[in-house]
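In: Structure, please.
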Amino acid sequence: MPSPADREPIEAARPVVKTTRWRLSFVWIVPIVSALVAVSLFVRHLDSVGRSIEVSFQSAEGLETGKTEVRYRDVPIGTVSDITVSDDLSHVVVSIALQRWANKFSRANTRFWVVRPRIGAGGVSGIGTLLSGAYIEADPGKSDRGPLDRDQNKFTGLEVPPPITSESHGSQFNLHSADLGSLDLGSPVYYRRLRVGKVVSYELDKNGKGVSIGIFIDSPNDRLVTASSRFWNASGIDVSLGADGLKLRTQSLASLAAGGVAFITPSWAAGDTAPAQPGTHFELLKEEEVALQKPSGEPVYVWMQFSRSLRGLSVNAPVEFIGIEIGRVVSVTLDYDPVSQQLPIVVGAVIYPERIGNVFKYQPDDPEEEARRLGALMEKLVAHGLRAQARNGNLLTGQLYIAIDLLPNAPKVSFDGSKRPLQIPTAPGALDNLQEQLSNIVAKVDKIPFDTIGNRLNSDLGDLGSTLNQLNQGILPESQNTLKAARSALSDATGALSADAPLRTDVKDTLDELKRSARSIRALSEFLSRHPEALIRGQPKDAIPRVPASGSATDAEHATP
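Out: This is a model prediction of the structure:
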């Protein structure tokens, strides 16, 4: 048996590998293309997405994640990516993903607000959002390369649109008033009844005694504001009734509802043409007439004491000196006089000595106190009858005003011009005299014995009743009988004068006979005038012709015998 070494080796079988070419199936084309598009969009998104910022609002009304846009001049600059509530639950936080090119809107002076339909003093805005939905408007502000240009990612949004944006050009000024009146944000500012600006802010003074109002005048009209310009509240309708009739004045229909401010440079300051610096402070006056008056200088406080009722006198009533307004009433209070045990009325007023004019300039100059000059002047005028009176300024409303005038017959009073405050002596006015006269008339009327007159009148009326009774019982029946007899006689006369009455016929015949007799007498007189000898010789042979019933004397003369 052969050994294993002697055996022939058996050759191992080799595997046969069959190679084939790999082919891509059409099934994979769609996923691959989709993946490529997704990668492209992702890369594009990473390339377009800029910074992410957060804006706080009181409410997220109208805002939607992924849909609400952030715009600047209607150009989208970002999208709302998330809306959450703050940790203290006091507001909402809106996350905004800005586009890469809009990263400049993340600087500190940028403002954000939600654009919704609004109706305010400045008009109607945001009407387009009724169809497109609310969006967030951004205003980058004006760059001054200062601290506000630094970047930040948290902002506090505005609840109302700002009145001034980076697109506005003009100047801002400050007004001060005792109260806001009917003004509001967006209220118009007028110059010669043309709208040139608007109210942009207001706040209460720190001491609580007034209101500071910010106004913005559009360019180039802001150059019309000078240091001498005067501002007044032009809200509502100004109604005045004076000697020249009833006046109604208003700036525009818009100022009736939204209020308004008007300004002008008075004619007495026409030489002041230099524009005022932005931020200049002005006083907001209540009336146009007051605004157009010249500066009156420092006021001086005076007071007057009246012993009569001053119903109709109110604060701000005018104080006139010989028909010229020199001040205003500032207080009307009740006082007590322990000497006379009466309650007089004390009227406080401020007067402006500069309004007195040249009369005040005649006093010696006193640089320490202007009231001394006024006191010296008043001391001289009081000696000549200067008195204060409460007079009726309007018969329809019964409003009173204080008139300071010279009364020649005024009784002498003591007056100290150096005493402060000045007390101007008073005198009864025309209304007081009228009331006194009416009181005297009433007193005289009270003395008339109306009871005696009434009793006597009752007695006379009784006698008159008796007389009328006698007339009814005696005289009136007789009068009726007399009237009947007169009526009967009138009827007989009417019958006698009728056309077929015998009396009328007899009268007519008698008249005819009288006519014939008159003709015969006339013929005889004519015959005798021709033959006067017939009175002596008798009748001639030719007898007097017979006169016919009708005919003239001439016919009888030529009649045949």
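
In: Now do the strands in the stretch 101-250 of the chain.
Out: Secondary structure of the stretch 101-250 of the chain by DSSP state E, counting those that start in this stretch: the strands cover 111-115, 118-120, 123-125, 135-139, 154-156, 170-177, 188-191, 194-204, 211-218, 230-233, 238-242, 245-249.

In: so can I have JSON lines of those strands showing mean neighbour count?
Out: For the C-beta atoms, the positions are set from N, CA and C on the backbone; glycine is no exception. Putting the strands of the stretch 101-250 of the chain into JSON lines (neighbours: other C-beta atoms under 10 Å) gives the following:
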{"stretch": "strand 111-115", "mean neighbour count": "20"}
{"stretch": "strand 118-120", "mean neighbour count": "13"}
{"stretch": "strand 123-125", "mean neighbour count": "12"}
{"stretch": "strand 135-139", "mean neighbour count": "23"}
{"stretch": "strand 154-156", "mean neighbour count": "14"}
{"stretch": "strand 170-177", "mean neighbour count": "19"}
{"stretch": "strand 188-191", "mean neighbour count": "22"}
{"stretch": "strand 194-204", "mean neighbour count": "18"}
{"stretch": "strand 211-218", "mean neighbour count": "20"}
{"stretch": "strand 230-233", "mean neighbour count": "23"}
{"stretch": "strand 238-242", "mean neighbour count": "11"}
{"stretch": "strand 245-249", "mean neighbour count": "9"}
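
In: Which one, of the ones you listed, ends up nearest to V332?
Out: strand 238-242 (22.4 Å; C-beta to C-beta).

In: Check which residues of stretch 397-407 are buried.
Out: Neighbour-count burial for stretch 397-407, counted by 16 or more other C-beta atoms under 10 Å, picks out 400-405.

In: Just to be sure, which of the residues you listed are found in strands?
Out: Those of those mapping onto strands are 400-405, per DSSP state E.

In: circling back: for the strands of the stretch 101-250 of the chain, which one sits closest to S86?
Out: So among the strands of the stretch 101-250 of the chain, strand 154-156 is nearest, using C-beta to C-beta, at 11.3 Å.

In: Each with direction, which strands does the closest one pair with?
Out: Strand partners for strand 154-156, identified by DSSP bridges, are recorded as strand 49-57 (parallel).

In: and the angle from the strand it pairs with to strand 135-139?
Out: If you take axes from the mean of the first three to the mean of the last three C-alpha atoms, to 10 degrees, strand 49-57 sits at 100 degrees to strand 135-139.

In: returning to what we had before: I'd like the strands of the stretch 101-250 of the chain as TSV, with distance to I32 appended.
Out: What follows is the strands of the stretch 101-250 of the chain, written out as TSV (distance: least, C-beta to C-beta, whole Å):
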stretch	distance to I32
strand 111-115	43
strand 118-120	52
strand 123-125	51
strand 135-139	39
strand 154-156	43
strand 170-177	61
strand 188-191	65
strand 194-204	60
strand 211-218	61
strand 230-233	74
strand 238-242	81
strand 245-249	81
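
In: Out of these, which is closest to V33?
Out: Of all the strands of the stretch 101-250 of the chain, strand 135-139 sits nearest to V33, with 35.2 Å by C-beta to C-beta.

In: average pLDDT for that closest one?
Out: For strand 135-139, mean pLDDT is 93.

In: As CSV, could you dump the C-alpha coordinates of that strand?
Out: The C-alpha trace of strand 135-139 is given here as CSV (Å, rounded to 0.1, in the frame of the first residue of the first chain):
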residue,chain,number,x,y,z
TYR,A,135,-47.2,93.5,10.4
ILE,A,136,-44.3,95.0,12.4
GLU,A,137,-42.9,98.3,11.2
ALA,A,138,-39.3,99.2,11.9
ASP,A,139,-37.6,102.6,12.0
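
In: what packs against it?
Out: strand 69-72, strand 111-115 (3 or more C-beta pairs under 8 Å, 6 or more residues apart in numbering; DSSP states H and E).

In: Does D463 belong to a helix, a strand or coil?
Out: Under the three-state scheme (DSSP: H, G, I helix; E, B strand; the rest coil), D463 adopts helix.

In: For A38, state which of the buried residues of stretch 397-407 is nearest.
Out: Nearest to A38 among these: Y401, at 87.0 Å, using C-beta to C-beta.

In: Chain neighbours aside, what residue packs nearest to that closest one?
Out: G393 (4.3 Å; C-beta to C-beta, 6 or more residues apart in numbering).

In: From S331, how far off is the one you found?
Out: Look at G393 and S331: by C-beta to C-beta, to the nearest Å, they are 18 Å apart.

In: Neighbour count for these two, which is higher?
Out: G393 (17 against 12; other C-beta atoms under 10 Å).

In: where's the more buried one relative to I402, distance?
Out: The value you get for G393 to I402, if C-beta to C-beta is used, is 10 Å.

In: shared neighbours of the two, which are they?
Out: 317-318 (C-beta atoms under 8 Å, 6 or more residues apart in numbering).

In: in which helix or strand would I find S34?
Out: Here S34 sits within helix 29-48, counting by DSSP states H and E.

In: ok, back up a step: of all the strands of the stretch 101-250 of the chain, which one is nearest K380?
Out: It's strand 238-242; of those, that one is closest to K380 (C-beta to C-beta) at 32.5 Å.

In: from the buried residues of stretch 397-407, which is closest to N109?
Out: Relative to N109, the closest of the buried residues of stretch 397-407 is Y401; by C-beta to C-beta it sits at 54.2 Å.

In: Mind pulling the model confidence for the closest one?
Out: 90.

In: D542 now?
Out: Taking D542 on its own, its pLDDT is 57.

In: With V93 instead?
Out: For V93, the predicted pLDDT is 95.

In: Then the one 3 residues further on?
Out: At I96 the predicted local distance difference test score is 93.

In: by contact count, what packs against the helix or strand harbouring it?
Out: According to DSSP H and E, I96 maps onto strand 92-99. Packing partners of strand 92-99 (3+ C-beta pairs under 8 Å, 6+ apart): strand 49-57, strand 75-85.

In: quick one: contacts of the first one?
Out: If I follow you right, that is strand 49-57. Strand 49-57 is contacted by residues 63, 78, 81, 86, 91-103, 106, 112, 114, 136, 151-157, 159 when judged by C-beta under 8 Å, 6+ apart.

In: Before I go, just wanted to say thanks for your time.
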